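Undergrad: Dropping the sequence and predicted coords here.
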Protein chains: 2
Amino acid sequence: MKIIQWEPLRDLCQKLYEAQGMPADEAFLVADSLVDADLSGVESHGVSRMPIYMKRIEEKVVTNKCRVEVEKEFPGGLALNACNSMGIVAGVKVMEMGIKKAKESGFAFITVSHSNHFGTAAYFTRQALKENMIAFAATNAPSTMAPWGGIKAYLGTNPFSVAIPAGDQLPIIMDMATSVVAQGKIIMAAKTNESIPEGWAINKEGVVTTDPKEALEGTVLPFGGPKGYGIALLVDILSGILSGAMFGPHLNNMWNDFENPQNVGHCFAILDISKYIEVESFKSRIDQMIQEIKTSPKAKGVEEIFMPGEIEHRKSMKRREEGIPVSSVVYEDLKALAEKWNVAFTI
Amino acid sequence: MKIIQWEPLRDLCQKLYEAQGMPADEAFLVADSLVDADLSGVESHGVSRMPIYMKRIEEKVVTNKCRVEVEKEFPGGLALNACNSMGIVAGVKVMEMGIKKAKESGFAFITVSHSNHFGTAAYFTRQALKENMIAFAATNAPSTMAPWGGIKAYLGTNPFSVAIPAGDQLPIIMDMATSVVAQGKIIMAAKTNESIPEGWAINKEGVVTTDPKEALEGTVLPFGGPKGYGIALLVDILSGILSGAMFGPHLNNMWNDFENPQNVGHCFAILDISKYIEVESFKSRIDQMIQEIKTSPKAKGVEEIFMPGEIEHRKSMKRREEGIPVSSVVYEDLKALAEKWNVAFTI
């Protein structure tokens, strides 16, 4: 385990993508999203993804220059094609288009086909906060989760994020996998040889397991049983089926298929608060809600009641000061990438 | 327990509302929604609600004629005021407006303030199916659920529904409370003196309870822990805060406050599939997904894998044939209402 300062880490990642021919601004976005995830304590979506992202670009199964094409446009939304770009860069561009659309129409719902893994969904939804907009982002993912009552992976962990601006309080930012945990956490546990809690996953026979490697051969469980299964299904329908991307088990695998683009699908929604209600009124009501919840009586053993996103925000502030703990496996991966791509290893 | 045929039951309920001065078409909608819930096995939102709905109209704390005013209109949506109408009638009218809007704009997101309990959310989302649209409906509700880590009710059970059209297969229809169960199920258990499963609710000291009466004094638990808490919060923000309605514990109680309108808030979203993708392509992809999931290998002891809404559909078909089981408490309530309002008791 090494402690690495976030800015040098981001610079290194950016330079690595530039060495692969990615434009500097795009390389910055990918590096920024990954380091932002590490800052927030979401290591599963942090710089540990560098080797696989870079390998997919190297194998030309993902492009190194982003292009987003408008396939359909109408007042309430857009149907877009991400042309096999990096998901993170495409997502940022889609949000920019969506914010513009929401300014005109009040609300925009956008589908995106032919994309790739887009990192943390909250990286996009937060883009809308400064515009006083509420944003939603979701993506499908290769299948890792059985339908409720089944044993064979069909749905992905299909995460979604929502960001809601506040006034004096922190914005409310939720970002959740529709599985009990993100598969990235199981991948991380397998990488670092740690066991996983019971209830996260079943093995390929359908038996609950605490071995991350067995879990990766089996399927993760939806959160909240059949309700989480329903939400995972919904995310796949809106992101995969409606966009014209792949869905369910037809989504190609990021980790072991270097021939076929993944054809991941996303969906985004952006809502301009000012069209519905005065922004100041909205913000004071949100602040009131947050204050009331934060000062609500606590259950025994609970020190503080948190709003969604608050724990991640606090961790991010701390890690900006103190640095990011990077596992030695990930550190060595980064070192090897720097050597391979002839980039100075400056962390 | 009596077995009652659904059409005479619906007629009786309609006539009861008409006796209160409600226009026949509106009385039909309320009666139809309640009986539809009973047909689907959602007795908590069925004709057991007749006494409280009628009492609120009698006390003039809910109007007997529906009026929905447009406060703001823009291409992507509407901000509406339901003027303290019956929630079920308002919801149907809002969906009609939303379907029209979605035909023009592709997508419409609608907030509604000054409404009341709107029955089952799926009653509205199903309206969009014949138009080849996807619909979403959600509502806030008086507080019954503590924030995660808390013991005092702040959020309502804040349910939502999504309906998705299919081709040859049944449409996918989800309708879920963001609590482990709808509070209506606990009210129903209290009415019929049955105990509730562990994990549904905590009592007022924060201890898990199986006594429905204790549970009603305490708080119900969110589904999936902190994730369900986040979704309940989101529903309240979009339905309550954004619409300008009440939110959290400020929502007035339906059961014991006959002075103040509830000022419930809802939100609806309607998506015109044809704007995003060819409807036939969407439907064949949904059918493929449903077939693949239905034929997926099953866990031990599981006889069938269900899509959301399938169990309710099957129950509804069965009860249309065989009649609806109505508890003697509910039966006597209906009889008393018929006597009071001088309506022939024809069930």
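TA: Perfect, I can see it now. Numbers count the residues shown, from 1 in each chain, chains lettered A, B, ... in the order given.

Undergrad: what's the angle between the longest helix anywhere in chain A and helix B:87-105?
TA: Using DSSP state H to define each element, chain A has its longest helix at helix A:87-105. Calculated by axes from the mean of the first three to the mean of the last three Cα atoms, to 10 degrees, helix A:87-105 forms an angle of 100 degrees with helix B:87-105.

Undergrad: got the contact list for the strand or helix carrying residue A:57?
TA: Secondary structure assignment for residue A:57, by DSSP states H and E: helix A:50-58. Applying Cβ atoms under 8 Å, 6 or more residues apart in numbering or on different chains, the external contacts of helix A:50-58 come out as A:13, A:16-17, A:20, A:22, A:30, A:34, A:62-64, A:86, A:116-117, A:254-255, A:258, A:330, A:333-334, A:337, A:341. Quick note: C-beta positions are derived from backbone N, CA and C, even for glycine.

Undergrad: what comes up buried for that helix?
TA: A:50, A:53-54, A:56-57 (16 or more other Cβ atoms under 10 Å in any protein chain shown).

Undergrad: Same list (the residues you listed) but as a markdown table, adding pLDDT.
TA: Listed next are the buried residues of helix A:50-58 as a markdown table, based on pLDDT from 0 to 100:
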| residue | pLDDT |
| --- | --- |
| A:50 | 98 |
| A:53 | 98 |
| A:54 | 98 |
| A:56 | 98 |
| A:57 | 98 |
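
Undergrad: What is the nearest of these to chain B?
TA: Chain B lies nearest to residue A:56 out of the buried residues of helix A:50-58, by Cβ to the nearest Cβ, at 25.7 Å.

Undergrad: Now residue A:10. Nearest residue, chain neighbours left out?
TA: Closest residue to residue A:10 apart from its sequence neighbours, by Cβ to Cβ, 6 or more residues apart in numbering or on different chains: residue A:35 at 4.3 Å.

Undergrad: by contact count, what packs against the helix or strand the one you found falls within?
TA: In the assignment (DSSP H and E), residue A:35 maps to helix A:24-39. Judged by 3 or more Cβ pairs under 8 Å, 6 or more residues apart in numbering or on different chains; DSSP states H and E, the packing partners of helix A:24-39 are helix A:6-19, helix A:87-105, helix A:122-125, helix A:310-322, strand A:324-326.

Undergrad: From chain B, how far off is residue A:3?
TA: 28 Å (Cβ to the nearest Cβ, to the nearest Å).

Undergrad: The helix or strand hosting residue A:229 vs helix B:226-236, what angle?
TA: Per DSSP H and E, residue A:229 falls inside helix A:226-236. Taking the same axes, to 10 degrees, helix A:226-236 and helix B:226-236 form an angle of 60 degrees between their directions.

Undergrad: at contact distance from chain B, anything in helix A:226-236?
TA: Yes - counting by Cβ under 8 Å from any Cβ of the partner chain, chain B is contacted by helix A:226-236 at A:226-228, A:230, A:233-234, A:236.

Undergrad: Over to stretch A:115-131?
TA: No - Stretch A:115-131 lies apart from chain B when judged by Cβ under 8 Å from any Cβ; the minimum separation is 11.7 Å.

Undergrad: Which positions in that stretch come out as buried?
TA: So for stretch A:115-131, counting by 16+ other Cβ under 10 Å, buried means A:115-129, A:131.

Undergrad: repeat for stretch A:301-314
TA: A:305-310, A:312-313.

Undergrad: low pLDDT regions in chain A?
TA: Judged against pLDDT under 70, chain A has no low-scoring part.

Undergrad: Quick one: the strands in it, in order.
TA: A:2-4, A:69-74, A:77-81, A:107-115, A:133-139, A:160-164, A:172-176, A:201-202, A:219-220, A:264-272, A:324-326 (DSSP state E).

Undergrad: For residue B:217, find the nearest of the ones you listed.
TA: strand A:172-176 (29.0 Å; Cβ to Cβ).

Undergrad: Setting aside sequence neighbours, what's the nearest residue to residue A:176?
TA: Residue A:176's closest residue in space is residue B:227 (Cβ to Cβ, 6+ apart), at 5.1 Å.

Undergrad: That neighbour against residue A:222, yeah?
TA: No - with contacts counted by Cβ atoms under 8 Å, residue B:227 stays clear of residue A:222, the gap being 10.2 Å.

Undergrad: tell me, what's touching those two both at once?
TA: By Cβ under 8 Å, 6+ apart, the residues touching both residue B:227 and residue A:222 are residue A:228.

Undergrad: between the two, who's got more neighbours?
TA: A count of neighbours by other Cβ atoms under 10 Å in any protein chain shown puts residue A:222 above the other of residue B:227 and residue A:222, at 26 against 23.

Undergrad: who's that one bridged to?
TA: When assigned by DSSP bridges, residue A:222 has beta-bridge partners residue A:179.

Undergrad: How about the contacts made by it?
TA: Counted by Cβ under 8 Å, 6+ apart, residue A:222 has contacts A:145, A:148, A:155, A:178-180, A:228-229, A:231-232.

Undergrad: Kindly report the same for residue A:322.
TA: residue A:3.

Undergrad: Could you single out the nearest of the residues of helix A:226-236 next to chain B to residue A:204?
TA: residue A:228 (20.6 Å).

Undergrad: Nearest residue to the closest residue to chain B within the stretch 201-347 of chain A in space, please, no chain neighbours.
TA: Closest approach between the stretch 201-347 of chain A and chain B, counting by Cβ to the nearest Cβ: residue A:224, at 2.9 Å. Distances taken as Cβ to Cβ, 6+ apart place residue B:224 nearest to residue A:224, at 2.9 Å, with adjacent residues excluded.

Undergrad: count of residues packed around the one you found?
TA: What residue B:224 shows, counting by other Cβ under 10 Å, is a neighbour count of 22.

Undergrad: Now do it against residue B:197, distance only.
TA: 16 Å (Cβ to Cβ, to the nearest Å).

Undergrad: Relative to residue A:34, how far out is the nearest residue to residue A:44 once chain neighbours are set aside?
TA: Nearest non-adjacent residue to residue A:44, counting by Cβ to Cβ, 6+ apart: residue A:184, 2.7 Å away. Residue A:184 sits 12 Å away from residue A:34, going by Cβ to Cβ.
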